[in-house]
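In: When you get a sec, could you give me coordinates for this:
(chains A, B, C, D, E and F)
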Number of protein chains: 4
Amino acid sequence: MEERDRRSEILQAAQGVFNRNGYHQATIRAIVDAANCAAGTFYLYFASKEDCFLALMDKLYRNIMEQILVARSQVAGPADKLRQSFWAVVEGLSRDTELTSVVLVRAAGANPLFEERLWRVRDAFAEFIVEDLVECGLTSEQAAIGAHACVGALAEAVGVWVRSGQPESALLVAFEEIERIFWVGWGLTRQIEGVDSTYYGDRNS
Amino acid sequence: MEERDRRSEILQAAQGVFNRNGYHQATIRAIVDAANCAAGTFYLYFASKEDCFLALMDKLYRNIMEQILVARSQVAGPADKLRQSFWAVVEGLSRDTELTSVVLVRAAGANPLFEERLWRVRDAFAEFIVEDLVECGLTSEQAAIGAHACVGALAEAVGVWVRSGQPESALLVAFEEIERIFWVGWGLTRQIEGVDSTYYGDRNS
Amino acid sequence: MEERDRRSEILQAAQGVFNRNGYHQATIRAIVDAANCAAGTFYLYFASKEDCFLALMDKLYRNIMEQILVARSQVAGPADKLRQSFWAVVEGLSRDTELTSVVLVRAAGANPLFEERLWRVRDAFAEFIVEDLVECGLTSEQAAIGAHACVGALAEAVGVWVRSGQPESALLVAFEEIERIFWVGWGLTRQIEGVDSTYYGDRNS
Amino acid sequence: MEERDRRSEILQAAQGVFNRNGYHQATIRAIVDAANCAAGTFYLYFASKEDCFLALMDKLYRNIMEQILVARSQVAGPADKLRQSFWAVVEGLSRDTELTSVVLVRAAGANPLFEERLWRVRDAFAEFIVEDLVECGLTSEQAAIGAHACVGALAEAVGVWVRSGQPESALLVAFEEIERIFWVGWGLTRQIEGVDSTYYGDRNS
DNA sequence: CATGAATGAGGTTTCATTCAT
DNA sequence: GATGAATGAAACCTCATTCAT
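Out: Next up, the predicted model:
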């Protein structure tokens, strides 16, 4: 019960430091200070600073993938699966917004390896959406472009929200408007103008 | 004409190195090797490596701003200005895709200063769109979210395209589909399903 | 008999690791892994890594000293004692060639303390030979130089043999030729040219 | 004329530090302090500490090889070539005794790479001697053993001399006695007892 | 204008050793 | 006796920047 998980502690501390300073400005010294342990201890759990950051990326990836797989298993039609996937991604991103910010906003340019890994993450999400969109009748080209556009829109919303310092509810509003735009844009709903607030009423029911 | 612009040469070389290696992996040594000059020469034109990268960000920014201002001055109605702004951004991003990739993808994580500047760039683009969207009747909240979503979608399209290695025509197709989605999503056109190829016919006329 | 000697086990394991990696490349981790015990256990038996290496040096030293003292007690004349000393050294070096290799080859450069100790070992051997050589009529200067030359020749033979991977019989042949050279060189035998194989016939009788 | 050779300066300083402290105790800091330059300057000329040490080994190797090749080109018979080779090695070792001490005495156990390189050096010297000994009538086995024994004896003499702190003349005396022992041992001279000082009179003539 | 040798602060990482269990 | 997680000092090396020529 007292059993502290040192690895998680360090990971948590690293997440905070990466978030405040960005990847390159984050020193091992700062991380272990935040984690209240010695420099050597860091290397008991991570092979390198890079390895530690990759662990954070994996954490976000697994968070979202779990959400997606669970959510999709509960519904049948492509339109429903699509909406579930979308909100599963949102759910995964919202679960730990600091983690999301670190991985999506602070990672990109730091290291070619991160970039590649980040694209694998984005591609994975997009693939689910593409699949459903094709089943909904879009061409595979339209689906691929639309799915990535949607992922890009979500990531940007996170970035804007992180800077704004607004409450998490503001992020949720943004996600809802993005859903509306894409759903209408994809012709998956009759609505053309304005947001019908009842529209989302049962998304999680 | 014979007068070589050393600064531009170095900036061009730096752009290539930043693109291949990312900001921190890019060394001054690599840049001056690519530019065929000595390390000291670099510092005749740039105060620092950071300053050099900021110059690249400014270059992209100015590229797009010019396009936007010129484009918007030629039309009157808000719907037309919106479309012109959108395509001006696209035009600016497409003009030098390596530059776009460097600034949009490599800037984050490297340096808090870049991140802030990058958001200023994205915000600036979004602002024009916001303005027009509001004039088109959207609430300012919807406009702000939609405008950033649109910028995010465009940036993502560039990222996907850069990795894919496809011809530039593929990027244009993606931009067109993104325009279609957002225009429909914003209720700015009667069209709901499919892409009407005549639709874009006169965008540059 | 069941009583395992932990100290000896660790010493044996350390010998192997020092031999494969050299002193500084040998980590405590590698040693305790090879000895199948925990890092802390190492320090129950040795004060430090240095102390452990010194224990190996002492082991070789005692091996040879025992041989020398026993061998010398069984004969009388200086010429006989000299030959006995020589072959006692050889016997001691041959008993555990890995140990010999570790001490003679891996000690230098690692630590000034080892170097000094190594020379004390070599000097000790040489002293016996010096003593006998003087009794055989050489000047003390000639004796000192010759004795060390002899030790150097033997050590080199071990080094060559360790690298060659040849059977131990090859090492013995080398030792015999070295004996022949030095005995003739020191004028302790009538033979001048060629090796008379009967010459060595009774060295151990 | 004022043109200082920075690389040589650093190499010289490193030689001194390695000699005083041994390879592993020698820090880059100590080397650059001795060379009166900054740490970074060291890395302009050497890829690493290891690389620097290898440069010292090469220096000694080239010193001796030059001596050998020149010396051997000036005489004809195998016995003369043998003596010339021997004294060329001695000459090479004596030219810079600090260098000799560093490479032969301080190097061995520091690093497997050094050891291998050092053996290549010793083998190279031995090969010349082997060649001549075979021409003098020894079997190739005897020659190989004897040549290495001779190299070992010389190296040991250097080690003894380094510790003793005696003047260089003492080292020369040792070399001469070693030559005498081996020449007599190899049956290349009529002399059996004592050193005939006139014997070496014309070795360099 | 141009050069490039020199600088030196500062970061990552290793590993011998300890000590609470 | 045995363990192995934790420690933290210390070393190597990089690279942006300067300045005498």
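In: low-scoring pLDDT stretches of chain A, where are they?
Out: For chain A, the stretches with pLDDT under 70 are A:1-4, A:108-109, A:190-205.
In: could you redo the last one with a cut-off of 50?
Out: Within chain A, the ranges that satisfy pLDDT under 50 run A:1-3, A:191-205.
In: What parts of it come near DNA strand F?
Out: A:6, A:37-41, A:43-44 (CB under 7 Å from any atom of the strand). All C-beta spots, glycine's among them, are computed from the backbone N, C-alpha and C.
In: JSON lines for those residues, including neighbour count and secondary structure?
Out: Putting those into JSON lines (neighbours: other CB atoms under 10 Å in any protein chain shown; DSSP: H, G, I helix; E, B strand; the rest coil) gives the following:
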{"residue": "A:Arg6", "neighbour count": "14", "secondary structure": "helix"}
{"residue": "A:Cys37", "neighbour count": "17", "secondary structure": "coil"}
{"residue": "A:Ala38", "neighbour count": "10", "secondary structure": "coil"}
{"residue": "A:Ala39", "neighbour count": "12", "secondary structure": "helix"}
{"residue": "A:Gly40", "neighbour count": "8", "secondary structure": "helix"}
{"residue": "A:Thr41", "neighbour count": "16", "secondary structure": "helix"}
{"residue": "A:Tyr43", "neighbour count": "15", "secondary structure": "helix"}
{"residue": "A:Leu44", "neighbour count": "11", "secondary structure": "helix"}
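In: Now render those as JSON lines, adding distance to chain C.
Out: Shown next, in JSON lines, are the residues of chain A next to DNA strand F (distance: CB to the nearest CB, whole Å):
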{"residue": "A:Arg6", "distance to chain C": "18"}
{"residue": "A:Cys37", "distance to chain C": "19"}
{"residue": "A:Ala38", "distance to chain C": "16"}
{"residue": "A:Ala39", "distance to chain C": "18"}
{"residue": "A:Gly40", "distance to chain C": "13"}
{"residue": "A:Thr41", "distance to chain C": "15"}
{"residue": "A:Tyr43", "distance to chain C": "13"}
{"residue": "A:Leu44", "distance to chain C": "12"}
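In: Out of the residues you listed, which two sit at the greatest distance?
Out: A:Arg6 and A:Ala39 (13.7 Å; CB to CB).
In: ok so, going back, now distance to DNA strand E too, for the residues of chain A next to DNA strand F, in JSON lines please.
Out: JSON lines is the format used below for the residues of chain A next to DNA strand F (distance: CB to the nearest atom of the strand, whole Å):
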{"residue": "A:Arg6", "distance to DNA strand E": "14"}
{"residue": "A:Cys37", "distance to DNA strand E": "12"}
{"residue": "A:Ala38", "distance to DNA strand E": "8"}
{"residue": "A:Ala39", "distance to DNA strand E": "4"}
{"residue": "A:Gly40", "distance to DNA strand E": "3"}
{"residue": "A:Thr41", "distance to DNA strand E": "8"}
{"residue": "A:Tyr43", "distance to DNA strand E": "4"}
{"residue": "A:Leu44", "distance to DNA strand E": "7"}
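In: Tell me who's in contact with the residue of chain A found nearest DNA strand F.
Out: Here chain A gets closest to DNA strand F at one residue, A:Gly40, 1.5 Å apart by CB to the nearest atom of the strand. With contact set as CB atoms under 8 Å, 6 or more residues apart in numbering or on different chains, A:Gly40 has no partners.
In: Distance of it relative to A:Leu188?
Out: The spacing between A:Gly40 and A:Leu188, counted by CB to CB, to the nearest Å, is 55 Å.
In: repeat for A:Gln12
Out: Where A:Leu188 is concerned, A:Gln12 sits at a distance of 39 Å (CB to CB).
In: ok, now which ones touch the residue nearest to the spatial centre of chain A?
Out: The structure's chain A has its C-alpha centroid closest to A:Leu93; by CA atoms, centre = their mean the separation is 3.8 Å. The contact partners of A:Leu93, by CB under 8 Å, 6+ apart, come to A:60, A:64, A:100, A:104, A:154, A:158.
In: Going by secondary structure, the nearest residue to the fourth one once chain neighbours are set aside is in what exactly?
Out: Of all residues beyond its chain neighbours, the one nearest A:Leu104 is A:Ala155 (5.1 Å), with distances taken as CB to CB, 6 or more residues apart in numbering or on different chains. Using DSSP states H and E, A:Ala155 sits in helix A:140-164.
In: quick one, domains of chain A?
Out: Taking automatic domain parsing as the reference, chain A has its domains at A:1-46, A:53-200.
In: Please work out which of those is packed deepest.
Out: domain A:53-200 (a mean of 19; mean count of other CB atoms under 10 Å in any protein chain shown).
In: if I look at A:Cys52, how far off is chain D?
Out: 27 Å (CB to the nearest CB, to the nearest Å).
In: coming back round to it: ok, so what distance separates the residue nearest to the centre of chain A from A:Val151?
Out: Taking CB to CB, one finds A:Leu93 at 11 Å from A:Val151.
In: Please apply the same query to A:Asn111.
Out: The separation that A:Asn111 has from A:Val151, given CB to CB, amounts to 21 Å.
In: likewise A:Glu141?
Out: 16 Å.
In: And the strands in chain A?
Out: Read by DSSP state E, chain A holds no strands at all.
In: Identify each of the helices in it and give its residue range.
Out: A:6-21, A:28-35, A:39-45, A:49-73, A:78-95, A:97-100, A:112-135, A:140-164, A:168-185 (DSSP state H).
In: Dump those helices into TSV; add distance to B:Trp87 as well.
Out: As requested, these are arranged in TSV below (distance: least, CB to CB, whole Å):
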stretch	distance to B:Trp87
helix A:6-21	36
helix A:28-35	45
helix A:39-45	50
helix A:49-73	33
helix A:78-95	28
helix A:97-100	31
helix A:112-135	25
helix A:140-164	16
helix A:168-185	18
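In: Any idea which of those helices gets closest to B:His24?
Out: Here helix A:112-135 is closest among those (CB to CB), at 10.4 Å.
In: Let's see that closest one as PDB, backbone CA atoms only.
Out: C-alpha atoms of helix A:112-135 as PDB (Å, rounded to 0.1, in the frame of the first residue of the first chain):
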ATOM      1  CA  PRO A 112      13.100  13.100 -35.500                       C
ATOM      2  CA  LEU A 113      12.300  10.000 -33.600                       C
ATOM      3  CA  PHE A 114       9.500  11.700 -31.700                       C
ATOM      4  CA  GLU A 115       8.100  13.100 -34.800                       C
ATOM      5  CA  GLU A 116       8.000   9.700 -36.500                       C
ATOM      6  CA  ARG A 117       6.400   8.200 -33.400                       C
ATOM      7  CA  LEU A 118       3.900  11.100 -33.200                       C
ATOM      8  CA  TRP A 119       2.800  10.500 -36.700                       C
ATOM      9  CA  ARG A 120       2.300   6.800 -36.100                       C
ATOM     10  CA  VAL A 121       0.000   7.900 -33.300                       C
ATOM     11  CA  ARG A 122      -1.900  10.300 -35.400                       C
ATOM     12  CA  ASP A 123      -2.100   7.800 -38.300                       C
ATOM     13  CA  ALA A 124      -3.500   5.200 -36.000                       C
ATOM     14  CA  PHE A 125      -6.300   7.400 -34.900                       C
ATOM     15  CA  ALA A 126      -7.000   8.500 -38.400                       C
ATOM     16  CA  GLU A 127      -7.200   5.000 -39.600                       C
ATOM     17  CA  PHE A 128     -10.200   4.200 -37.500                       C
ATOM     18  CA  ILE A 129     -12.000   7.200 -38.800                       C
ATOM     19  CA  VAL A 130     -11.000   6.500 -42.400                       C
ATOM     20  CA  GLU A 131     -12.500   3.000 -42.100                       C
ATOM     21  CA  ASP A 132     -15.800   4.300 -40.800                       C
ATOM     22  CA  LEU A 133     -15.900   7.100 -43.300                       C
ATOM     23  CA  VAL A 134     -15.500   4.700 -46.200                       C
ATOM     24  CA  GLU A 135     -18.300   2.600 -44.800                       C
END
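In: what inclination does that helix have with respect to helix B:140-164?
Out: 110 degrees (axes from the mean of the first three to the mean of the last three CA atoms, to 10 degrees).
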